[in-house]
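>>> Sequence first, predicted coordinates after that:
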Amino acid sequence: MESATLSPTTPDENPDRTKPTKTVRFAANILQRSHELKDLPSEDIPRLIRGLRHRVESGESFASVQDEAFTLACLSIRRTCGFDLHHVQILGASSMARHSISEMQTGEGKTLTAVLPAVLFSLAGRGVHVVTVNDYLADRDATELRPIYERLGLSVGCVTTDMEDEARRQAYSRDITYGTAKEMGFDYLRDRLRLGAELIHEETRKIFQEEGGLVQRNQFCAIVDEADSVLIDDARTPLLIGTAQPESPQRVALFRWCSRAIQKLESHKDYIADSKKRQVFLTDPGCRKVVLLGKPPLMEAVNMETIFENIERALEAYLFYQRDRHYTLHEDEVTIVDESTGRLMPGRKWQNGLHQAIEAKEHLPISSPTSDAARVTVQRFFQQYPQKCGMTGTASNAKREFRKTYRLGVQRIPTNCPCIRKGLPTRVFSTQEAKNQAVMKSLQELLQQGRAVLVGTPSVGASERLSAVLHEHQIDHEILNARYHEVEAQIVSRAGQLGAVTIATNMAGRGTDIKLSPEVQEAGGLHVIATEMHSSARIDRQLVGRCARQGDPGTFQFFLSMEDELLKNLPADRVNRIRKQASRASVGELPANWAKLFKRTQRFLERNHYKQRKQMMKHEKKQMETYRRIGLNPYLEATGG
Ligand SMILES: Nc1ncnc2c1ncn2[C@@H]1O[C@H](COP(=O)(O)OP(=O)(O)OP(=O)(O)O)[C@@H](O)[C@H]1O
């Protein structure tokens, strides 16, 4: 059988779809061979897989068993799901087997595509990690795909947030384990903490591992779904485990005092705020003012340096962290909202006193602060997998970063059916109010046409504000945000029905598969209204990718306003200038060319975030080298190995 050689052409570059290319022949061949095995008794499939495993364990390469492994996987998929994989899915799988990121458009069936490389790499018997963006998707994929793997004689596990260590250990001992990068990364760090100094002695490490002291096996293969979200968007903050410091009334008094004291400070005069980096620096006059402010007796022993630092944290909490956008409040606790996925992250805390500063700002009980115990960047964590690959609908514009950081190429895979998604012209308004009115009008028109509508919003707060406006206009709708994650599956299952209006945060941005009812399909499919642009064009493309999947009809439109969050990332004086200019141009809708400002701001932010990631990696590399040189566990921070 000939091996897969993907031509770099995209469907647009090679519109002659009737001519079978070498790659199409490769995919057709795999499917044909799987059809030839249609009478193979079920019990023979695991036997054949065991044969392949034996060959890999005896030193044969993955490439030499790839065709047979793919054939058996296709057979199992057909017997379980009742349909064949599309050729393009087999091409996507083949490029992943050669350590690439397959760029497959949204809705092309990436979840099933990943089964093929997962089966192939599982033959080494060292564990395959299929990494997704959230617990919901990890659990959904593991549950839905389990029958396919089990037919092949392969075991499947899933790691989610609230699991105990023993259950995690079990899940990692399976052939294929589903989970999020965060869960897998934190398990990795917890293992490094368990190892302590033994990490650097190969022999003791092995013994420790064999005795079951660790939860994870050594990293071997990672297949990353939504690769740009996991490897790029989420890679701006390192994975970090903190250890709780003892409670201290002094510190509680300090956080509370700082939260009040900042009301007396003036921007530009007493402090400088950098909104891009979300940092605040006290100026000399600011420091002098803080020194002179009256303090409670409990703070007498706190040195001025610590007070300045906590004043800066309190200002950051006040200026850059908004309730129902960056965090939510639940039962007297601050719960972080993941900015790129819109999901809650219970149990996670901001470091260096920021979490406590936010608690003080919200007049909540102050939790005990944590200090760094172990940390690793997402980049470094994934670099340690000798076999890795990924898939996403939005990889091309991060091609360079994938190559430089992870040594992963990006391969564009043609769509199965031509995509007929249609974008309507972006509309820009001078105020949020004018934008909401226009969204409402558009919604009413769409509902009259018998469409289903998904409205994307940037935060929990924004989704609820828009919901209130819809209530005023008596438009029935559902909300999909971090507060309703328990009923996510039901909300998604209704989102493609006649007259359905779903207001969602980024939670619906990735992996959400909205099935259309026949009437909605007939009326033009799902329409996506994006009510803001995100900090990365890839996140916007994912939201828009909820419509017009697999050749279905579908449309989308952006509604933007000069009061949008995105523009707040520009320097304040520039935003004010632009807003004044806009209000001179119109009080309602602005000319279409104002949309360029949003695209430029988005590109500016993308560049900034890339720089931040590069800087973080440079810093980590330096730190690791120093730790190694002096013989300490390089993953342990404050404990010093
Ligand atoms: N070969 C196939 N034949 C028929 N249906 C398929 C096939 N492959 C996948 N599907 C179906 O297509 C739908 C979309 O699949 P999936 O959610 O995996 O897409 P995706 O590429 O991951 O989308 P997104 O990028 O939005 O996450 C699912 O309902 C899945 O069952």
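Everything's here; your move. Residues are numbered from 1 along each chain as shown.
>>> my guess is Tyr188 meets Gln219, correct?
Yes - with contact defined as C-beta atoms under 8 Å, Tyr188 reaches Gln219; the gap is 7.4 Å. Backbone N, C-alpha and C define where each C-beta goes, glycine included.
>>> Can you verify Glu625 is assigned to a helix?
Yes - assessed by DSSP: H, G, I helix; E, B strand; the rest coil, Glu625 belongs to a helix.
>>> So the chain: which segments form each domain?
22-238+378-412, 246-368, 420-590 (automatic domain parsing).
>>> In JSON lines: those domains, plus mean pLDDT and distance to Lys599.
JSON lines is the format used below for the domains of the chain (pLDDT from 0 to 100; distance: least, C-beta to C-beta, whole Å):
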{"stretch": "domain 22-238+378-412", "mean pLDDT": "91", "distance to Lys599": "13"}
{"stretch": "domain 246-368", "mean pLDDT": "87", "distance to Lys599": "18"}
{"stretch": "domain 420-590", "mean pLDDT": "88", "distance to Lys599": "8"}
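>>> mind checking which of these is nearest the ligand?
Of all the domains of the chain, domain 22-238+378-412 sits nearest to the ligand, with 2.7 Å by C-beta to the nearest ligand atom.
>>> What helices and strands are in contact with the longest strand seen in the chain?
Looking across the chain with DSSP state E, the single longest strand is strand 553-561. Here strand 553-561 touches strand 420-423, strand 427-429, helix 432-448, strand 526-530, helix 595-629, going by 3 or more C-beta pairs under 8 Å, 6 or more residues apart in numbering; DSSP states H and E.
>>> any idea of the angle it forms with strand 526-530?
With axes from the mean of the first three to the mean of the last three C-alpha atoms, to 10 degrees defining the directions, strand 553-561 sits at 20 degrees from strand 526-530.
>>> Can I get strand 553-561 in CSV, CA atoms only?
Extracted in CSV, the C-alpha atoms of strand 553-561 (Å, rounded to 0.1, in the frame of the first residue of the first chain):
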residue,chain,number,x,y,z
PRO,A,553,-26.1,26.6,5.0
GLY,A,554,-25.3,29.2,7.6
THR,A,555,-24.5,32.9,8.0
PHE,A,556,-22.8,35.2,10.5
GLN,A,557,-22.4,38.9,11.3
PHE,A,558,-20.4,41.0,13.7
PHE,A,559,-22.0,43.9,15.6
LEU,A,560,-19.3,46.1,17.3
SER,A,561,-19.4,49.3,19.3
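>>> picking up where we left off before, any chance of the helices and strands packed on strand 553-561 in a markdown table with mean neighbour count and distance to Leu454 as columns?
Listed next are the helices and strands packed on strand 553-561 as a markdown table, based on neighbours: other C-beta atoms under 10 Å; distance: least, C-beta to C-beta, whole Å:
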| stretch | mean neighbour count | distance to Leu454 |
| --- | --- | --- |
| strand 420-423 | 15 | 13 |
| strand 427-429 | 23 | 17 |
| helix 432-448 | 17 | 11 |
| strand 526-530 | 25 | 5 |
| helix 595-629 | 14 | 20 |
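>>> Redo these as TSV? Include distance to Phe320.
Listed next are those as TSV, based on distance: least, C-beta to C-beta, whole Å:
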stretch	distance to Phe320
strand 420-423	32
strand 427-429	25
helix 432-448	20
strand 526-530	24
helix 595-629	14
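>>> Could you provide the ones you listed in a markdown table, with additional columns for distance to the ligand?
What follows is the helices and strands packed on strand 553-561, written out as a markdown table (distance: least, C-beta to the nearest ligand atom, whole Å):
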| stretch | distance to the ligand |
| --- | --- |
| strand 420-423 | 12 |
| strand 427-429 | 25 |
| helix 432-448 | 21 |
| strand 526-530 | 12 |
| helix 595-629 | 20 |
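>>> The stretch 51-200 of the chain against the ligand: which residues are in contact?
Contacts of the stretch 51-200 of the chain with the ligand, taken as C-beta under 6 Å from any ligand atom, map to Phe83, Leu85, His86, Gln89, Met104, Thr106, Gly107, Glu108, Gly109, Lys110, Thr111, Leu112.
>>> so who does the fifth one touch?
The contact partners of Met104, taken as C-beta atoms under 8 Å, 6 or more residues apart in numbering, are Val88, Gln89, Gly92, Lys110, Thr113, Met391, Thr392, Gly393, Ile413, Thr415.
>>> possible to save those as TSV with secondary structure, neighbour count and distance to Glu183?
Formatted as TSV, the entries for the contacts of Met104 read as follows, by DSSP: H, G, I helix; E, B strand; the rest coil; neighbours: other C-beta atoms under 10 Å; distance: C-beta to C-beta, whole Å:
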residue	secondary structure	neighbour count	distance to Glu183
Val88	helix	23	30
Gln89	helix	26	27
Gly92	helix	32	25
Lys110	helix	25	20
Thr113	helix	27	22
Met391	strand	28	19
Thr392	strand	30	19
Gly393	coil	22	23
Ile413	coil	28	28
Thr415	coil	18	32
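>>> Ala142 touches Tyr178, doesn't it?
Yes - between Ala142 and Tyr178 there is a contact under C-beta under 8 Å: 4.0 Å.
>>> Same drill for these two, tell me which one is more crowded.
Tyr178 (32 against 23; other C-beta atoms under 10 Å).
>>> Need the three-state assignment for Asp513.
Secondary structure assignment for Asp513 (three-state DSSP): coil.
>>> So it is in contact with Arg549, correct?
Yes - when contacts are counted by C-beta under 8 Å, Asp513 is listed as touching Arg549 (7.4 Å).
>>> does Asn352 belong to a helix or a strand, and which?
Under the criterion DSSP states H and E, no helix or strand holds Asn352.
>>> One more: Ala360?
Taking DSSP H and E as the criterion, Ala360 maps to helix 354-361.
>>> For the residues of the stretch 51-200 of the chain next to the ligand, give me TSV that also has secondary structure.
As requested, those are exported to TSV (three-state DSSP):
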residue	secondary structure
Phe83	coil
Leu85	coil
His86	coil
Gln89	helix
Met104	coil
Thr106	coil
Gly107	coil
Glu108	coil
Gly109	coil
Lys110	helix
Thr111	helix
Leu112	helix
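>>> Export those to JSON lines and append columns for distance to Leu344.
As requested, these are exported to JSON lines (distance: C-beta to C-beta, whole Å):
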{"residue": "Phe83", "distance to Leu344": "35"}
{"residue": "Leu85", "distance to Leu344": "35"}
{"residue": "His86", "distance to Leu344": "35"}
{"residue": "Gln89", "distance to Leu344": "33"}
{"residue": "Met104", "distance to Leu344": "29"}
{"residue": "Thr106", "distance to Leu344": "24"}
{"residue": "Gly107", "distance to Leu344": "26"}
{"residue": "Glu108", "distance to Leu344": "29"}
{"residue": "Gly109", "distance to Leu344": "29"}
{"residue": "Lys110", "distance to Leu344": "25"}
{"residue": "Thr111", "distance to Leu344": "23"}
{"residue": "Leu112", "distance to Leu344": "29"}
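>>> Tell me which two of those residues sit farthest apart.
Using C-beta to C-beta, those reach their maximum pairwise distance at Phe83 and Thr106, which is 19.4 Å.
>>> More neighbours: which of these two?
Using other C-beta under 10 Å as the criterion, Phe83 and Thr106 rank with Thr106 on top: 26 against 10.
>>> Do a quick rundown of the helices in the stretch 251-400 of the chain.
Assigned by DSSP state H, counting those that start in this stretch, the helices in the stretch 251-400 of the chain fall at 284-292, 304-320, 354-361, 378-383, 399-406.
>>> Point out the most buried one among those.
Using mean count of other C-beta atoms under 10 Å, the stretch among those with the largest mean neighbour count is helix 354-361, at a mean of 24.
>>> How many residues are close by Ser259?
Around Ser259 there are 25 residues (other C-beta under 10 Å).
>>> I'd assumed Lys361 was in contact with it.
Yes - at 5.4 Å, Ser259 counts as touching Lys361 under the criterion of C-beta under 8 Å.
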